[in-house]
Structures are given as structure tokens and as C-alpha cells.
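Asks: Generate coordinates for the sequence data below:
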Amino acid sequence: MRRSFVRQSYGPVLCLLVASLWAGCGDGIIDDPILRLSSEEAFAEGKVLLEAKKYELAREHFSHAFQTAPNSEVGREALLLQADSYFLAGGETNFIRAEAKYRDFNNRYPTSDRGAYVQYRIARSLEDRRRKPDRDQSETIKAIGAYEELLALYATSEYAAEAETGISRLQVSLAEHEYLVARYQRRRGLLPAAANRLASLVEDYPEYSELDKALCALALAYHGMRRNDSADETIARLRQEYPDSEHCQKMPKPLKPLSKKDRR
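Replies: Predicted structure coming up:
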């Protein structure tokens, strides 16, 4: 009796629930307004939504336009605008997705006349994910590589000048990173490591805007190692190239030559 009661009581409810779910799923597929659009219609609506900064909804329209006609001009442009929708939304996750979409575009359409633009956006997606100078600089290095690839492949494009500016901007981050690591090493008493790093910084990044700061740190590292000639040479360069630098005031007096006892 009890089993029969359960069957009689809940059977109609379960049937009604299953029927409702089935109908809901069916309506979700049939009544999706985006799926009713042609590739051209979805693309046009996506552009309006992108302009209105409704990036997620715009992306859904571009995705439909691309999937409907991937080899058409509209389909290709829709894939590119999907990438743009991620890039314009901003944020680390979206920049990662944007880079992936731009690379997908390049792989699918390697002869596209939008190649320079796509490569530029790849570089920007990497640059905008870079860490502060005191953190890991992997993304900075990758971004420089992407800008250099742009210059190699599209040297006469409208994005070439922006690539050169981007490289200069990113090299400042790398130079500052090297300085901060060297400062840490010097404070920990790792003077040879600090001196080597600073010497490389001075040589590799001659346009670093705070080169006087690096020269000062290098001179102090040499001074601490009692490398008299190297310290004096670095101090002389600092005073000659940056006579008004505040770092000139921090320079030590010339060291006395080492005695025979100290040389042992």
C-alpha cells in the first residue's frame, strides 16, 4: 500500500517536472534569438553591441557569425572582433583570452591583410599583463618579442612606430627589474653578483632614464669589493655624464691602494 501511495502521489509531479525541463531545453534552443540570425545579421548586431561596450553579448553574436560562415569575409572579421571584445574588456584573464583569439586568427588566416594589426594586439595583450618591475618579467620579455616580430614582418606598417615605442617602454621595466635585484643583492652582501648585474644593466640599457642611479649603485658595489680602479672609473663617468645628479653626492672618496697584506 505504501509503495503504491508513493507512486500515485509523486508520479504525476515527476512527469510534470520532466516535461517542464524538456520544454525549457527545447525553448532554449529554438527561441535563442541569436541562432535565428544570419551570419551577416549577427555580425552587424555584434558591432552595435561592441560599440555600446556590451562585450559579452557582442561576443556571442560574433561567435555565431563566425561559426555560421567561418570562411567568409564576415566570418573572418567576426573572429577578429571576438578577440577585440576580450581585449577591450580588459583584465588579465581577458587579455589572455584575447591573445589566444588573435593567435587563432593568425593561424587560420596567415595571409590576411590584418596581420600587422593582429600582431600588434598580441603584443599589447602581453604588455598589458606585465608585472611590476619587482616581480617576474616573463610577460615583459614575451611582449618585447612580439613587438620585434611585428617589426620583422611588418616594418612598413602603421604599427611599426608603436612597436618601437612599446619596446622602449618595456625595456625600462626590464632595466628597473635588474636594478632592484642588484640592490637586493648588494644589501645582502652579494657584491660580485650585484656588480655583474649592474654592469650588464649599464651596457644593455644605455637609454635607461635612471642610468645615473645604476652607475651610483655600481660604483658603491665596486667600492665595497675594493675594486679601486673600477669604482673610480664608474664615479668619473657618473660625474661626467650626470653632473647635476643627486647620486653624485653619495659617491665615496677615492680609495687608497691596497697594501700587500690586503692583497693576500
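Asks: List the residues that contact residue 40.
Replies: Residue 40 makes contacts with 65, 74, as judged by Cβ atoms under 8 Å, 6 or more residues apart in numbering. Heads up, the C-betas are built off the backbone N, CA and C, glycines and all.
Asks: That one in helix, strand or coil?
Replies: helix (DSSP: H, G, I helix; E, B strand; the rest coil).
Asks: And residue 134, by the same measure?
Replies: Three-state call for residue 134 (three-state DSSP): coil.
Asks: what stretches of the stretch 151-264 of the chain score poorly on pLDDT?
Replies: Applying pLDDT under 70 to the stretch 151-264 of the chain flags residues 250, 252-264.
Asks: Just the helices from it, written as ranges.
Replies: For the stretch 151-264 of the chain, the helices defined by DSSP state H, counting those that start in this stretch cover 160-187, 191-204, 211-224, 228-241, 260-263.
Asks: Tell me which of those sits most buried.
Replies: With neighbours taken as mean count of other Cβ atoms under 10 Å, the helices of the stretch 151-264 of the chain reach their highest mean count in helix 211-224, at a mean of 23.
Asks: In PDB, could you pull the C-alpha coordinates for the helix or strand harbouring residue 145?
Replies: Following DSSP states H and E, the helix or strand that holds residue 145 is helix 138-153. Presented in PDB, the C-alpha positions along helix 138-153 are these (Å, rounded to 0.1, in the frame of the first residue of the first chain):
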ATOM      1  CA  SER A 138      58.300  36.800 -18.200                       C
ATOM      2  CA  GLU A 139      55.400  38.600 -19.900                       C
ATOM      3  CA  THR A 140      57.500  41.700 -20.400                       C
ATOM      4  CA  ILE A 141      60.100  39.600 -22.300                       C
ATOM      5  CA  LYS A 142      57.400  37.900 -24.400                       C
ATOM      6  CA  ALA A 143      55.800  41.300 -25.200                       C
ATOM      7  CA  ILE A 144      59.200  42.600 -26.500                       C
ATOM      8  CA  GLY A 145      59.500  39.500 -28.600                       C
ATOM      9  CA  ALA A 146      56.000  40.100 -30.100                       C
ATOM     10  CA  TYR A 147      56.800  43.700 -30.900                       C
ATOM     11  CA  GLU A 148      60.100  42.600 -32.500                       C
ATOM     12  CA  GLU A 149      58.200  40.100 -34.600                       C
ATOM     13  CA  LEU A 150      55.900  42.800 -35.700                       C
ATOM     14  CA  LEU A 151      58.800  44.900 -36.800                       C
ATOM     15  CA  ALA A 152      60.400  42.000 -38.600                       C
ATOM     16  CA  LEU A 153      57.200  41.000 -40.500                       C
END
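Asks: Cool, thanks, signing off.
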